[in-house]
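In: Generate coordinates for the sequence data below:
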Amino acid sequence: MSRISAAAQGHLAMLCFSALVAGSFSLGAQVANEITPTALNALRFVLATVLVGVLAWGRGDISRAGFAAPWRYFVLAGLFTLYFVLMFEGLKTAPPVAAAAVFTLVPVMAAGFAWLLMRQVMTGRMALALAIGGAGALWVIFRGDLAALLAFDIGRGEAIYFVGCISHALYTPMVRRLNRGESAVMFTFGTLLAGTVLLGLYGWKDLRATDWSALRPLVWITILYVAVFATAATVVLLQFAALRLPSAKVMAYTYLTPSWVILWELGFGNALPGALVWGGVLLTILALSLLLRGDDEEKS
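Out: Now for the predicted structure:
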């Protein structure tokens, strides 16, 4: 049997990546009202920092030069932590599938920020795919209701999470703008460490007020999941895939998130979205197929 090609390995890694990210929506929605977003994410960042730090140390990536200009890590951490805090704040009221649809708007916004900050220009095919994916996301967010779209009747949770997604979209090009040659693992470790400091300071009151012993097991499972699988593991998978696939193809897997969330919700025994919402989900899958049909000469 022939060995799996490097490109196929990258695609498998991103399939795992998108499925793991989707799990944080379904789990987060179930515990969002039982622990404050700052307390949950502060502990999550501590655990993820330790895991990625051990990985960076084992790879020999940690060096004094890597911590030059530490303000860079705090800028990135500010954007990163804002995204995660607002995600769990939004999940208090936003359905997981709708929140996942909001997440698929990140590539569109990231492309805009990349042009503003670095003058990166996308291909026509990529622009078409992003437009279709964005339309699919709006379809899901407004539940296929044209009247709700025209009235811009968006839920409070989706609106809160959208602000977080703006922060995430800005984070993506800022990573490249602020990186000075550090490895992806080292740069991620520095960002997570700075995020731990910021969340520890900002969320100290919530951390002290939380009755950790009274939290039900599902809350602890969610904290461990988002720290180990939705943070540390996805960092490794994303880096692995980025070395084997063009960046547009890596980004394409964002559009699988709503579909994975539907499967997660089905696994938890929750109700599936209404028939009208499925049209938007299908559009996000179409956007994925367009981005994966990239030209062979496309570079990462």
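In: mind checking pLDDT for T49?
Out: pLDDT for T49: 94.
In: go on, D296?
Out: Confidence at D296, expressed as pLDDT, is 44.
In: and if you look at M122?
Out: Reported pLDDT for M122: 69.
In: buried residues in stretch 181-200?
Out: 182-199 (16 or more other CB atoms under 10 Å). Bear in mind the C-beta positions are built from the backbone N, C-alpha and C, glycine included.
In: Could you pull out the helices in the stretch 151-300 of the chain for me?
Out: Remark: helices assigned in the stretch 151-300 of the chain by DSSP state H, counting those that start in this stretch are 156-178, 184-202, 204-209, 217-227, 234-242, 247-252, 257-267, 275-292.
In: Determine which of the ones you listed approaches V46 most closely.
Out: Nearest of those to V46, taken as CB to CB: helix 184-202 at 5.5 Å.
In: ok now the closest one, how far from the chain's centre?
Out: With CA atoms, centre = their mean, to the nearest Å as the basis, helix 184-202 stands 16 Å off its chain's centre.
In: by contact count, what packs against it?
Out: When contacts are defined as 3 or more CB pairs under 8 Å, 6 or more residues apart in numbering; DSSP states H and E, helix 184-202 packs onto helix 37-59, helix 71-90, helix 234-242.
In: Residues touching the shortest one, excluding its own?
Out: Judged by CB atoms under 8 Å, 6 or more residues apart in numbering, the contacts made with helix 234-242 from elsewhere in the structure are 9-11, 13-14, 16-17, 20-21, 52, 55, 184-185, 188, 250, 300.
In: Now it - C-alpha only, CSV.
Out: Taking only C-alpha atoms (Å, rounded to 0.1, in the frame of the first residue of the first chain), the coordinates of helix 234-242 have been written out as CSV:
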residue,chain,number,x,y,z
THR,A,234,-5.1,22.5,17.2
VAL,A,235,-1.9,24.5,17.3
VAL,A,236,0.1,21.4,16.4
LEU,A,237,-2.4,20.3,13.7
LEU,A,238,-2.5,23.8,12.2
GLN,A,239,1.2,24.0,12.0
PHE,A,240,1.5,20.5,10.6
ALA,A,241,-1.1,21.3,7.8
ALA,A,242,0.4,24.7,7.0
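In: Show me what the mean pLDDT comes to for it.
Out: Per-residue confidence for helix 234-242 averages out to 78 on the pLDDT scale.
In: Can you mark which positions in it are buried?
Out: Buried residues in helix 234-242, counting neighbours by 16+ other CB under 10 Å, are found at 234-238, 240-242.
In: From the chain's centroid, how far away is it?
Out: Computed by CA atoms, centre = their mean, the separation of helix 234-242 from the middle of its chain amounts to 13 Å.
In: quick one: the closest residue to L86 other than its chain neighbours from R180, how far?
Out: Once its chain neighbours are removed from consideration, L86 has its nearest residue in G164; the separation is 3.1 Å (CB to CB, 6 or more residues apart in numbering). Spatial separation of G164 from R180 under the definition CB to CB, to the nearest Å is 27 Å.
In: Of the two, which one has the most company?
Out: More crowded of G164 and R180, by other CB atoms under 10 Å: G164, with 25 against 10.
In: and that one, what does it touch?
Out: G164 sits in contact with 82-87, 89-90, where contact means CB under 8 Å, 6+ apart.
In: if you set the cut-off to 6 Å instead, what comes out?
Out: Shown in contact with G164 (CB atoms under 6 Å, 6 or more residues apart in numbering): 83, 86-87.
In: what do you get for L86?
Out: When contacts are counted by CB under 6 Å, 6+ apart, L86 touches 160-161, 163-164.
In: next one: A7
Out: R244.
In: Next one: it relative to L243, how far apart?
Out: Relative to L243, and taking CB to CB, A7 is found at 11 Å.
In: on that earlier part again, just send the helices and strands packed on helix 184-202 back as CSV, with distance to P258 too.
Out: Converted to CSV, the helices and strands packed on helix 184-202 look like this (distance: least, CB to CB, whole Å):
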stretch, distance to P258
helix 37-59, 22
helix 71-90, 15
helix 234-242, 17
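In: Of all those helices, which one is nearest Q30?
Out: Distances from Q30 to each of the helices and strands packed on helix 184-202 were compared by CB to CB, and the smallest falls on helix 71-90, at 11.2 Å.
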